[in-house]
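Q: Could you look at this predicted model? Sequence included:
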Amino acid sequence: MVHESLLRHVAIPEHSIHRMLGEIEPVESAVAYAELLTNRFPEKGVDVALLGMGDDGHTASLFPYSKVLAELDRPCVAEFIEKSTTGQSWRITTTAPFINRAERVVAMVTGSAKAERLREVLKGPRDPIRLPIQLIQPVHAPMLWLVDAAAAEWLNPT
């Protein structure tokens, strides 16, 4: 999806794009990707982490109440998610600590279905187990939120 909507339209060298191998067994893919990330980014993070937010407050494949939310050591893991936006499925995801090391983290949120949740994430109490996007707290620069008018609808209620 990222390749089709963004990467094929910009001049980024292939060696700068690091794709997860979704076509192989999930745990094997996560181990291989974790190794790639550890070797390629041993100390600093990626240049840009581009995230979205689901209407349940998840980001990447960090879903509410999932075990991966507690992961502190590995940069990438696979987990079978019982309840996600696509039903039960294996997910491969980078972890919050790895995402937080990125030079710039950008969260794009669109649509009125996410408006109430976005307000809760930004202005409500901190509850990252229920709202995993709250785990994203970049260390190098504030997170940049790109939000359309529909998603921002509840941010400043009148």
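A: Happy to help now that I have it.

Q: List the contacts of the helix or strand of the chain with the lowest mean pLDDT.
A: Across the helices and strands of the chain, mean pLDDT, DSSP states H and E gives its lowest value to helix 2-5, namely a mean of 77. With CB atoms under 8 Å, 6 or more residues apart in numbering as the test, helix 2-5 has contacts from 17, 19, 50. Placement of C-beta: from N, CA and C, glycine included.

Q: From the chain's centroid, how far away is that helix?
A: 16 Å (CA atoms, centre = their mean, to the nearest Å).

Q: try stretch 132-145
A: Relative to its chain's centre, stretch 132-145 lies at 10 Å (CA atoms, centre = their mean).

Q: pLDDT on it, on average?
A: Averaged over stretch 132-145, pLDDT sits at 97.

Q: related to what we said a few turns ago, how about the least confident helix or strand of the chain as CSV, C-alpha atoms only?
A: Extracted in CSV, the C-alpha atoms of helix 2-5 (Å, rounded to 0.1, in the frame of the first residue of the first chain):
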residue,chain,number,x,y,z
VAL,A,2,2.8,2.5,0.9
HIS,A,3,4.6,1.6,-2.3
GLU,A,4,1.6,2.1,-4.5
SER,A,5,0.4,5.4,-2.8
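
Q: what about the helix or strand that comes right after that helix, distance to the chain center?
A: Per DSSP states H and E, the first helix or strand lying C-terminal to helix 2-5 is helix 26-40. From the chain centre to the centre of helix 26-40 is a distance of 16 Å (CA atoms, centre = their mean).

Q: how about helix 26-40: buried residues?
A: By neighbour count on 16 or more other CB atoms under 10 Å, the buried set for helix 26-40 is 26, 29-31, 33-34, 36-37.

Q: would you list those residues in JSON lines and tack on distance to residue 8 and pLDDT?
A: As requested, the buried residues of helix 26-40 are arranged in JSON lines below (distance: CB to CB, whole Å; pLDDT from 0 to 100):
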{"residue": "26", "distance to residue 8": "26", "pLDDT": "96"}
{"residue": "29", "distance to residue 8": "22", "pLDDT": "97"}
{"residue": "30", "distance to residue 8": "25", "pLDDT": "97"}
{"residue": "31", "distance to residue 8": "28", "pLDDT": "97"}
{"residue": "33", "distance to residue 8": "21", "pLDDT": "97"}
{"residue": "34", "distance to residue 8": "26", "pLDDT": "97"}
{"residue": "36", "distance to residue 8": "21", "pLDDT": "95"}
{"residue": "37", "distance to residue 8": "23", "pLDDT": "95"}
